[in-house]
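A.B. asks: could you work out the structure for the sequence below:
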Amino acid sequence: MSLFHVLGFCLKIGQLFWMLCCWFLSWFLDADKSPLDPDKTKMKNHNKMCFLWNKISTSGLKIPPSFSHHLFGSVRFGKTFWRKVLVAWVVSWVLISFWTFWCLTSQAMDKRKETLASMCDERARMLQDQFNVSMNHVQAMSILISTFHHAKFPSAIDQRTFSEYTDRTSFERPLTSGVAYAVRVLHSERQEFERQQGWTIRRMEQNPVHKDDYDTEALEPSPVQQEYAPVIFAQDTVSHVISLDMLSGKEDRENVLRARRSGKGVLTAPFPLIKTNRLGVILTFAVYKRDLPSNATPKERIEATNGYLGGVFDIETLVENLLQQLASKQTILVNVYDTTNHSQPISMYGSHVSADGLEHVSPLNFGDPFRKHEMRCRYLGQFKQKPPWPVQSMVTSFGILVIALLVAHIFHATLSRIRRAEEDCHKMELLKKKAEAADVAKSQFLATVSHEIRTPMNGVLGMLHMLMDTELDVTQQDYVRTAQASGKALVSLINEVLDQAKIESGKVELEEVRFDLRGILDDVLSLFSGKSQEKGLELAVYISDRVPEMLIGDPGRFRQILTNLMGNSIKFTEKGHIFVTVHLVDELLDSSDVETSSSSSSTENTLSGLPVADRKRSWQNFKAFSSNGHRSLALAPSEINLVVSVEDTGVGIPVEAQSRIFTPFMQVGPSISRTHGGTGIGLSISKCLVGLMKGEIGFSSTPKVGSTFTFTAVFGNGVHSTERKSELHNNNQPEFEGMKAVLVDHRPARAQVSWYHFQRLGIRVELVTSVDQALRFMKTCATTVDMILVEQEVWNKEADVFVKDPLVPSPKLFLLANSIDTSVSDTLRNVIDPPVLIVKPLRASMLAATLQRGLGIGKRETPQRKGPPALILRNLLLGRKILIVDDNNVNLRVAAGALKKYGADVVCAESGVKAISLLKPPHEFDACFMDIQMPEMDGFEATRRIRGMEEEMNNGEALTVEEGKRSRWHLPVLAMTADVIQATHEKCLKCGMDGYVSKPFEAEQLYREVSRFFNSPSDTES
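C.D. replies: Here you go, the predicted model:
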């Protein structure tokens, strides 16, 4: 068990102990309540202890809030009590640390015991196994002697043969120091035996002598006895025992007699060996006649005995050799004992030092059931040095104690700061309430300011619009237009401020509607076409063919982002171009550079020939692109990720100002607002809107070169599978199908953009770089060329070609120009057949109308279907009876004048009460425009009551004779207010209103809302 595991376990125990203490406190402290003002004390202590509990909970002790309330609610904790708790905590952990020390020390001691037992058992097993091997080989040798000495005549074994054989096979008996054979000789056979052997049977020495003093010739002859057992064969290591009578010694005699009776190997008690004076034992086997049955009786065994084979074991040497085979032989001390007599065990090996300490006893079985042996092991360090200190136990217990003291210190510091924390918490609560109140006041203020500013602006712009319909001279019209532009700029500023406020409060929600992306880009181009023509800028849009025609998202917010970016480009660009490109993210991943993108290193490949900022740097930090060039943003199968870039050749952004470019109300410098105007919140709003669209925005800018802003946005794919095959054919104009044109432009990027717009109409375009190439192409082309498209820059250089040598008959000539300047007008007058002028930026509707006019093809479209919104509104509102409810007389006049302009029959009401009386079913009104903020009864309450009356009528509770005119009563009620907060819009729909019209009225917005309820007369007739 490592120290870290122990510490982790102790920390968990501490956490459990803390929870138990908390439960104990919740039960024990109910008596410590203040009798004075219990409610106030309850609330105060509740706040204090909840704060403390939250601090503790956030630090890792995750306790449910309900338990916190149960513990700290309605309890007052005294200072003395917390001191007692801390003292109890410290004392408890001191006891726990001592208990941990004792447990770890006991575990270490148990582990030492297990290690000692394992080592001792291993040595005992090895000694016993090797002894058994030696015993088996001695027994096998007894069978060998019986076979080749006693069973053969003459004998096949003599002393020399026996000695050589035993020496060569000594490796099979690793624990024996020598082997000897003693033959059985009866007293009657002694003289003959001594004569044959040439020596006298001698008596074994009873007292051991040193090996240098031992002399066989000096031994006495064996005394007269019934039988003798003289040694006739012996290994060289024990050759000194030849002629000794094994029955003349007491231990040997008992050993020999017991061996021949039992038929098994028997051991002697440990005794000093002859000549070596070292402790040893003799293993004796009886050698029988070959015809002795296996189940012979002891008597039969005695009679069949031919001799005795003995193996001498030097125990001290053998055990020492065994321990040397182990690498850890010095770790423990080994003692081997003969314990046949338990009261007086005989030490066979080891030290005789007695000491208290760890000891393990392993039994030894040497095959003799009469003799008992055992091995006793102890650690060697008990005799050389003291046992090692329990370092791990001491460190662990000390660490637990330190942790407990640290926890106590933290708890004490927490208690000392509760009072100050309670005051801070109370201040935070007050500040939070103030902030929430300020947020509500801010929203209310914005709504009120928006309404109060928009209400007079509605009157101003409305009256100016009505004034434009009167007879005015040129100067007066210019004054009115200037006033209208200033009023619209003020309204635009109000909208930007409100958008920023809504974004900060998180109240912006995106729509999910199907819209035409290319139509949105055409509308934005139309918005800035006038300013670009005034400055002579090249304004162009290119959309990749891989981008679907229809998308699903919020077109209004997407248009707002493009308007902000393109507006900044128009504002800060005096020459060159503004280029908008739209691609899929996959296109940028599949190709390092798309065909229509500009390169900062080559001015010939830009739209206007001027250098631009590196576009790739504007998206290099996007998360949609991983470092290895693969897409990292997971999209649904029905979603696509667009990349939109707005490139300009303006003044660029200084390096020191680039870091704050997206900060609200921050501009590059104080002179910018004075020179170019603006509030500095357009980019901030754009960044927030891009984030809502799951996208990112970035830029790359080089001072005095230009800027490139790039953003991504995720939309749904609005093109269904059934529409994919026919979407290109539906977008083409049928009158242009099959036509062929030649486009003359020496700039590849600009030529590619022009090719894109013409191919949208179904025209096949051939790109050439000069007029001469165009003329040669038309002369060699097998098909008819319907038109020649010449860029203004080429026309200014090569217009003389058409003046001197015009083609007869020639295709229709079109001139692509950014604006109509004097040079172009003079050149056109010198041409016999002047070209048709197409003023950029190129847009599908404008381009189709210009080509139809120049080629004299196509049909005029009816104003009911394709006319401007004013004509369509007149068809929708002609003869409609509409009620206008507003408490402001100016607003009534403006709204009534705007609707009467489109042919509506208008009735005015100054309050919601009067509106209810006029709209009580049955009535003749077709729609109602209701102001929201009115005295006495606002528009919300009036609408709710109108819906209530209609519900009663529809349920049959107020049927009249005129009920046949309508099957179900539901009057379209449109909110009419200057308040454009999203919450107000939601409240309008919740109270039963059908739509929303903001002040001042715009023809497009009015048409969008009215067309949902009314159909034109042509639709009704058809």
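A.B. asks: now the lengthiest strand in the chain: buried residues?
C.D. replies: Secondary structure of the chain read by DSSP state E shows that its longest strand is strand 706-717. Under the neighbour-count criterion of 16 or more other CB atoms under 10 Å, strand 706-717 has 706-717 buried. All C-beta atoms are positioned from the backbone trio N, CA, C, and that covers glycine.
A.B. asks: what is the end-to-end distance of stretch 932-940?
C.D. replies: End-to-end distance of stretch 932-940: 6 Å, with CA to CA, to the nearest Å as the criterion.
A.B. asks: next, the buried residues of that stretch.
C.D. replies: Within stretch 932-940, the residues scored as buried using 16+ other CB under 10 Å are 932-934, 937-940.
A.B. asks: check stretch 235-249 too.
C.D. replies: Within stretch 235-249, the residues that qualify as buried are 235, 237-238, 240-249, counting by 16+ other CB under 10 Å.
A.B. asks: got a pLDDT number for Ile882?
C.D. replies: At Ile882 the predicted local confidence, pLDDT, stands at 90.
A.B. asks: in the stretch 901-1022 of the chain, where is pLDDT below threshold?
C.D. replies: When the per-residue scores of the stretch 901-1022 of the chain are filtered using pLDDT under 70, the ranges that remain are 957-967, 978-984, 999-1008, 1015-1022.
A.B. asks: and if we set it to 80?
C.D. replies: 956-968, 977-986, 996, 998-1022 (pLDDT under 80).
A.B. asks: helices of that one, start to end?
C.D. replies: Using DSSP state H, counting those that start in this stretch, the helices assigned to the stretch 901-1022 of the chain run over residues 912-918, 939-954, 982-990, 1003-1010, 1017-1021.
A.B. asks: same deal with the stretch 701-850 of the chain?
C.D. replies: For the stretch 701-850 of the chain, the helices identified by DSSP H, counting those that start in this stretch occupy 727-731, 748-760, 771-780, 792-798, 800-804, 822-829, 844-855, in order along the chain.
A.B. asks: ok, the stretch 351-500 of the chain next?
C.D. replies: Ranges of helices within the stretch 351-500 of the chain are 381-384, 391-416, 418-468, 474-505, based on DSSP H, counting those that start in this stretch.
A.B. asks: tabulate the ones you listed (TSV), appending distance to Arg202 and mean pLDDT.
C.D. replies: Shown next, in TSV, are those (distance: least, CB to CB, whole Å; pLDDT from 0 to 100):
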stretch	distance to Arg202	mean pLDDT
helix 381-384	44	50
helix 391-416	65	81
helix 418-468	104	80
helix 474-505	123	77
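A.B. asks: helix, strand, or coil at Glu647?
C.D. replies: Going by DSSP: H, G, I helix; E, B strand; the rest coil, the secondary structure assigned to Glu647 is strand.
A.B. asks: list the contacts of it.
C.D. replies: Under the criterion of CB atoms under 8 Å, 6 or more residues apart in numbering, the contact list for Glu647 reads 577-581, 598, 607, 612-613, 615, 706-708.
A.B. asks: circling back: so which of the buried residues of stretch 932-940 belong to strands?
C.D. replies: Reading strands off the buried residues of stretch 932-940, I find no matches (DSSP E).
A.B. asks: dump these to TSV, plus distance to Gln130.
C.D. replies: Shown next, in TSV, are the buried residues of stretch 932-940 (distance: CB to CB, whole Å):
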residue	distance to Gln130
Ile932	109
Gln933	111
Met934	115
Met937	115
Asp938	110
Gly939	111
Phe940	107
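A.B. asks: measure stretch 992-1009 end to end?
C.D. replies: Using CA to CA, the end-to-end distance of stretch 992-1009 comes to 15 Å.
A.B. asks: same check on stretch 333-347?
C.D. replies: Terminal residues of stretch 333-347 lie 14 Å apart, using CA to CA.
A.B. asks: rounded mean pLDDT for that stretch, please.
C.D. replies: With pLDDT averaged residue by residue, stretch 333-347 scores 87.
A.B. asks: same question for stretch 717-724.
C.D. replies: Average pLDDT, stretch 717-724: 67.
A.B. asks: repeat that for stretch 585-604.
C.D. replies: Taken as a whole, stretch 585-604 has an average pLDDT of 59.
A.B. asks: what of stretch 685-696?
C.D. replies: Regarding stretch 685-696, the rounded mean pLDDT is 90.
A.B. asks: now the helices of the stretch 351-500 of the chain as JSON lines including mean neighbour count?
C.D. replies: Compiled in JSON lines, the helices of the stretch 351-500 of the chain are given as follows (neighbours: other CB atoms under 10 Å):
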{"stretch": "helix 381-384", "mean neighbour count": "13"}
{"stretch": "helix 391-416", "mean neighbour count": "16"}
{"stretch": "helix 418-468", "mean neighbour count": "15"}
{"stretch": "helix 474-505", "mean neighbour count": "15"}
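A.B. asks: can I get the CA coordinates of the longest strand of the chain in CSV?
C.D. replies: The C-alpha atoms that make up strand 706-717 are tabulated as CSV, following Å, rounded to 0.1, in the frame of the first residue of the first chain:
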residue,chain,number,x,y,z
GLY,A,706,-7.5,47.8,-47.9
SER,A,707,-9.4,45.4,-45.7
THR,A,708,-11.1,42.0,-46.0
PHE,A,709,-13.7,41.0,-43.6
THR,A,710,-14.8,37.3,-43.6
PHE,A,711,-17.5,35.6,-41.6
THR,A,712,-19.0,32.1,-41.5
ALA,A,713,-22.7,31.3,-40.9
VAL,A,714,-24.6,28.0,-40.6
PHE,A,715,-27.9,27.7,-42.5
GLY,A,716,-30.3,25.0,-43.4
ASN,A,717,-30.4,23.7,-46.9
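A.B. asks: parallel or antiparallel, which strands does that strand pair with?
C.D. replies: With DSSP bridges as the criterion, the sheet partners recorded for strand 706-717 are strand 550-553 (antiparallel), strand 639-648 (antiparallel), strand 697-702 (antiparallel).
A.B. asks: nearest to Ile872, out of those?
C.D. replies: Relative to Ile872, the nearest member of the strands paired with strand 706-717 by CB to CB is strand 550-553, separated by 22.6 Å.
A.B. asks: centre of the chain to the closest one, how far?
C.D. replies: 30 Å (CA atoms, centre = their mean, to the nearest Å).
A.B. asks: could you do stretch 171-178 as well?
C.D. replies: Stretch 171-178 has its C-alpha centroid displaced from the chain centroid by 71 Å (CA atoms, centre = their mean).
A.B. asks: extract the CA atoms of it and return them as PDB.
C.D. replies: What follows is stretch 171-178, C-alpha atoms only, in PDB (Å, rounded to 0.1, in the frame of the first residue of the first chain):
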ATOM      1  CA  PHE A 171      26.800 -35.600  -7.700                       C
ATOM      2  CA  GLU A 172      23.600 -37.600  -7.400                       C
ATOM      3  CA  ARG A 173      23.800 -37.400  -3.600                       C
ATOM      4  CA  PRO A 174      24.500 -33.700  -3.000                       C
ATOM      5  CA  LEU A 175      23.900 -33.900   0.800                       C
ATOM      6  CA  THR A 176      26.100 -37.000   1.600                       C
ATOM      7  CA  SER A 177      29.700 -36.600   2.600                       C
ATOM      8  CA  GLY A 178      30.400 -40.300   2.100                       C
END
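A.B. asks: returning to what we had before: okay if I get the strands paired with strand 706-717 as TSV plus distance to Gly992?
C.D. replies: Written out in TSV, the entries for those read as follows (distance: least, CB to CB, whole Å):
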stretch	distance to Gly992
strand 550-553	28
strand 639-648	35
strand 697-702	40
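A.B. asks: out of those strands, which is the most enclosed?
C.D. replies: Each of the strands paired with strand 706-717 was assessed for mean neighbour count using mean count of other CB atoms under 10 Å. The highest is strand 639-648, with a mean of 23.
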